[in-house]
Every structure is written in C-alpha cells, then in structure tokens.
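# show me how the following folds:
(one chain, ligands or ions: 1)
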Amino acid sequence: MRSITEIEYFDGVKILVRADFNVPIKNGAVTDDFRIRTALPTINFLCEKGAKVILMSHLEVKEGEKATLAPVAEVLKKLGREVKFISNIRDANEFIDHELDNGQCVLLENLRLNEGEKKNDRKFAEELASLADIFVNEAFSACHRKHASIVGVPKFLPSYAGFQLEKEVKNLSQAFNPAHPFIFILSGAKFETKLPLLEKFLRIADTVFVGGALANDIFKAKGYETGRSVVSDGSVDLSKYLSNPKLTVPVDVVIENNEIKAPDLLGKDEKIVDAGPATVESLRGKINAAKFILWNGPLGLYEDGFTAATAGVTRIVADHTSENKNVMSIVGGGDTVAAIESLGISDKFTFLSTGGGAMLDFLAQGNLPGIEALG
Ligand code: 3PG
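Predicted coordinates:
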C-alpha cells in the first residue's frame, strides 16, 4: 500500500479519489459529517499540491430520500473546500479536461446510480479510471465491498492510500498485538456475520463484552425468554461459547417502558432496548483496568433514542484514555462514533474509525478487498 506522499508529480495530474460520503442525510441536509471531515486532509493535500481532484463515492439512501450526493458538496464548501458537483458522470471528462484548473476539485454523483458499481463491472471501472491518471482510495469504510470503484479502478491506474485509510490500517492492526488487559466491546446485531470475530477475539482479548442485539442471542442460547427483542435468525449456535470465562453480557437490561430488569426475567411481550446501569458500572471496572479498549456498536437501540448505556460507556472510556497515557482506545461504527461526537469528546479517544462493517471485517480477516487491490 503506497502513501499519497509517494506520488512524484502533482501539478495538473488528474487524481481520482474514492471517498466514503455514505453519510446520513435528512431533508436534503447531511446530519453527520464525520466521514467527510476525515477525508478532508487528503483532499486538501492533493489540491494544495496542484492536482486536479475528482472525488467519487456511493450513497445508500433510505426510502423517501433522494440518492444524490449534492448535499455533500455543500458540506465540503462549508468546510472550506469548494467543489463543482457533476450530476452526470458522462459529462465529467469534458469538464475535467477543459474547465478544471490545477488545485481544483469536482464531486461525481452517487456511484450506485450506475448498475455497474455494485456488480464490479469491468467496463464501468474502466470508464471511471479513464477520468484520471492516478487513483487514491480514501474510503476505508467501503473497502469491504468488492465494487467497481473500490477493487475495479485500481486495476487500471497507479494506486495509493489516503491519509485516513493509512491511519485506519495502522490503528486497527494494533488489535492483533495489543497491550493487556484488553477489553473488546462488541455490540450491534446479526451474530451470524460476527462469529469469526467473536472466536478470534476470545483468543486475543482478556474480556469480550457482548451487548446490543448480539447479547439477546446469548440470552436465548442460555434458555432465557427474549420476548419481542431483536434476535438473529436462529442459524447461530452459541452454545460452545457460553462457558467461556472471557465472555460477558449485560447484567441488567432496559425494556421499552424504561423499566430495568435482570435479563433472565423478561416477559413474553417485552422487548430489550438497552443495557442497564448495573451493566455500565460493571464495565467501568473492566475498562478502568484495561490498557487496550476496542469497541464497535452501540449498546442499545440507538436509532430509537435508547442511548443511555452507550453514553455512559463513552464517558468511562474517554476519561480512562485521557487520564492514562499508556491506554489506547479505538472505537468504530456510525452510531457509536455519533454518540461520542454528540458529547464533544472525540479528542479523548486514541482513534475513531470511520468503518462499521469494514472495521469488523478488517478485525476478523486482517485485510479487506479494497486494501488488497492497492497492491
Ligand atoms: C458503510 O456505511 O458502512 C459503508 O459506506 C458501506 O456502505 P454499504 O453497507 O451500503 O455498502
């Protein structure tokens, strides 16, 4: 993986940058600009060196929202980077060759509006590559996707890694050889996709705390009633992990009416929505003893407003990291990072990953298709 600092010539060179601007957008406005801000140092570096910068990204939209990246161009402008938005990729060549000056920047429309993107169509990758002389991947959080703009384009252009992509690899790789005690907090849903990760980190870490809907699967495997709580599809067999002393789960849970219960006392009609205060307290001890903390996924149904346990753990990890120089904390996943940002304490963590699924895949496999494609 070559760094963009190794690019020899910049002046007037057309550089195609794959960013991940797959950000939440409500009523036509970006509601969380974390990923945009993390890509900015690379964009600014290339522009300041005199390159012609062509930004591209996908956007997966929720129903009712337009699948356009135009609001991202607005955010880039607010952050000080003027960009020309190109709504039809087929018009890009003409504009880049005749109107884009050195040091200027364009943003292409949502790549997923083209069928070839998700299919990793060779022709589409070639069409994208034909816009530029050099490819830069600054989309760590999309590197788990074998899509045309991620793994196809580098087949046709000399390829480099952006600053954030390099940081992601460097920081997340620390988890393969961590300081101890090491606590891994794994939350979210869909255990069927996370078993290799659990297995791997039950070997490496000293404590693996499983929260969110993943914990409901463990409760189910223990024979507890899980009522209407979110659980995986039944294909996961967790029985062999239940006696592992490293594995811990919430000791109390919050249900929809905000009542706090022991997890084995749930009624048939009840639904777990968050971890309870005793769980947060039990984590305090483990986190405060740790030298390495790795965390992905909120502890409750964050999108429905059940944020208390996530906020509690956020503060504990932030305080412990900022008070101890030899402690490393790495946190990822959209909602988890959003929780940290909303409390204004991002700078207290060692590293915030832009990756959700990509972070988990990287941790499980030690590599990602998009990184491999850079050679
Ligand atoms: C993400 O948000 O995790 C990445 O942008 C990948 O998006 P996707 O899951 O829609 O491929």
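
# can you give me the strands in the stretch 101-250 of the chain?
105-108, 134-138, 159-161, 182-186, 207-210, 247-248 (DSSP state E, counting those that start in this stretch).

# tell me which of these is the most buried.
strand 134-138 (a mean of 27; mean count of other Cβ atoms under 10 Å). Placement of C-beta: from N, CA and C, glycine included.

# need the outlier residue of this protein, farthest from its centre.
His98 (36.4 Å; Cα atoms, centre = their mean).

# contact residues of the stretch 251-375 of the chain facing the ligand?
The stretch 251-375 of the chain comes close to the ligand at residues 356-357, as judged by Cβ under 6 Å from any ligand atom.

# by proximity to the ligand, which residue of the stretch 251-375 of the chain wins?
Gly356 (4.1 Å; Cβ to the nearest ligand atom).

# list the residues that contact the nearest residue to that residue once chain neighbours are set aside.
Take Gly356 and drop its neighbours on the chain: the residue closest to it by Cβ to Cβ, 6 or more residues apart in numbering is Gly333, 4.8 Å away. Neighbouring residues of Gly333 by Cβ atoms under 8 Å, 6 or more residues apart in numbering: 187-188, 296-298, 353, 355-356, 359.

# rerun that using 6 Å as the cut-off
296-297, 356 (Cβ atoms under 6 Å, 6 or more residues apart in numbering).

# mind listing the helices for the chain?
Applying DSSP state H to the chain gives helices spanning 34-48, 70-78, 92-98, 115-118, 122-129, 163-173, 195-204, 212-221, 277-289, 308-323, 334-342, 357-365, 369-372.

# who does the longest one touch, helix- and strand-wise?
Yep, that's helix 308-323 we're talking about. strand 272-275, helix 277-289, helix 334-342 (3 or more Cβ pairs under 6 Å, 6 or more residues apart in numbering; DSSP states H and E).

# burial check on Leu343, number of neighbours?
14 (other Cβ atoms under 10 Å).

# related to what we said a few turns ago, pipe the contacts of Gly333 into CSV and attach distance to Phe21 and neighbour count per row.
What follows is those, written out as CSV (distance: Cβ to Cβ, whole Å; neighbours: other Cβ atoms under 10 Å):
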residue, distance to Phe21, neighbour count
Asn296, 21, 24
Gly297, 22, 26
Gly356, 14, 20
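
# now, the residues you listed that are in strands?
Using DSSP state E, Asn296 are the members of the contacts of Gly333 that sit in strands.

# in this structure, which ranges drop under the pLDDT threshold?
64-65 (pLDDT under 70).

# for the residue lying closest to Ile287 once chain neighbours are set aside, give its distance to Ala373.
Spatial nearest neighbour of Ile287, excluding adjacent residues (Cβ to Cβ, 6+ apart): Ile316 at 5.1 Å. For Ile316, the distance to Ala373 equals 38 Å [Cβ to Cβ, to the nearest Å].

# before we move on, what about Leu352?
On the measure of Cβ to Cβ, Leu352 and Ala373 end up 25 Å apart.

# name all residues that make contact with Arg315.
Counting by Cβ under 6 Å, 6+ apart, Arg315 touches no other residue.

# next: Lys291.
179, 327.

# change it to 7 Å
By Cβ atoms under 7 Å, 6 or more residues apart in numbering, the contact list for Lys291 reads 179-181, 326-327.

# so which of those is the most crowded?
Of the contacts of Lys291, with other Cβ under 10 Å as the count, Val327 tops at 18 neighbours.

# need the contact list for that one.
290-291, 320-321.
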